[in-house]
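Trainee: attaching a predicted model along with its sequence, questions to come.
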Amino acid sequence: MAPTQMTDTVAFCTVEFVKGSCLRKEGPFTPGLPVVQNGPPGTFVIFSDGRRVPLPTDQIVAADDDSGAAHVSFGGMQWSGVEGGFLTFRRVRDLRAEHELSPERGRRMTLEIAMVAAVFMEGELVWGRPVGGVGAGR
């Protein structure tokens, strides 16, 4: 996936996934009937073993996988720490108008520790070890 700047919003939290991961974004869905509050098309991290993990697309402000690992920056998600063996992030603000979001959107995102190389908050490493010389400057 080519580097994508999704909005002008500054990255608040950046997740660098493990080597071999890549991104997939679904195309827009046009139903025959009007759909209200369906949310944006899905974005997924795909891992080398075939696992596919959904991400909160409405929170993504930049994403790429050019360095051999997926990197995703979120504008309104905050690192919460490790809870129950999972890396945990919380939605602290919405980046889109209420009518553009699904009412079913998650308030919390959890990721398996083995899926993530590093987590940055406002450019500072808060967890893990970055791979491939990529750092907070992403």
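Mentor: Sure, I can see it. Everything numeric here is computed off the predicted structure, so don't read it as measured data. Numbers count the residues shown, from 1 in each chain.
Trainee: use CA for all of it now, contacts and neighbours both
Mentor: OK.
Trainee: check which helices and strands the helix or strand harbouring Ala62 sits against.
Mentor: Using DSSP states H and E, Ala62 falls within strand 60-64. Judged by 3 or more CA pairs under 8 Å, 6 or more residues apart in numbering; DSSP states H and E, strand 60-64 is in contact with strand 4-5, strand 69-74.
Trainee: going along the chain, name the strands of the chain.
Mentor: 4-5, 13-19, 22-25, 43-46, 52-55, 60-64, 69-74, 77-83, 86-91, 108-112, 116-121, 124-128 (DSSP state E).
Trainee: make JSON lines out of those and add distance to His99, mean pLDDT and mean neighbour count.
Mentor: JSON lines is the format used below for the strands of the chain (distance: least, CA to CA, whole Å; pLDDT from 0 to 100; neighbours: other CA atoms under 10 Å):
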{"stretch": "strand 4-5", "distance to His99": "22", "mean pLDDT": "50", "mean neighbour count": "13"}
{"stretch": "strand 13-19", "distance to His99": "24", "mean pLDDT": "97", "mean neighbour count": "25"}
{"stretch": "strand 22-25", "distance to His99": "21", "mean pLDDT": "94", "mean neighbour count": "19"}
{"stretch": "strand 43-46", "distance to His99": "20", "mean pLDDT": "94", "mean neighbour count": "20"}
{"stretch": "strand 52-55", "distance to His99": "20", "mean pLDDT": "94", "mean neighbour count": "16"}
{"stretch": "strand 60-64", "distance to His99": "18", "mean pLDDT": "93", "mean neighbour count": "22"}
{"stretch": "strand 69-74", "distance to His99": "20", "mean pLDDT": "96", "mean neighbour count": "26"}
{"stretch": "strand 77-83", "distance to His99": "19", "mean pLDDT": "95", "mean neighbour count": "18"}
{"stretch": "strand 86-91", "distance to His99": "17", "mean pLDDT": "95", "mean neighbour count": "18"}
{"stretch": "strand 108-112", "distance to His99": "20", "mean pLDDT": "94", "mean neighbour count": "16"}
{"stretch": "strand 116-121", "distance to His99": "28", "mean pLDDT": "97", "mean neighbour count": "22"}
{"stretch": "strand 124-128", "distance to His99": "33", "mean pLDDT": "96", "mean neighbour count": "15"}
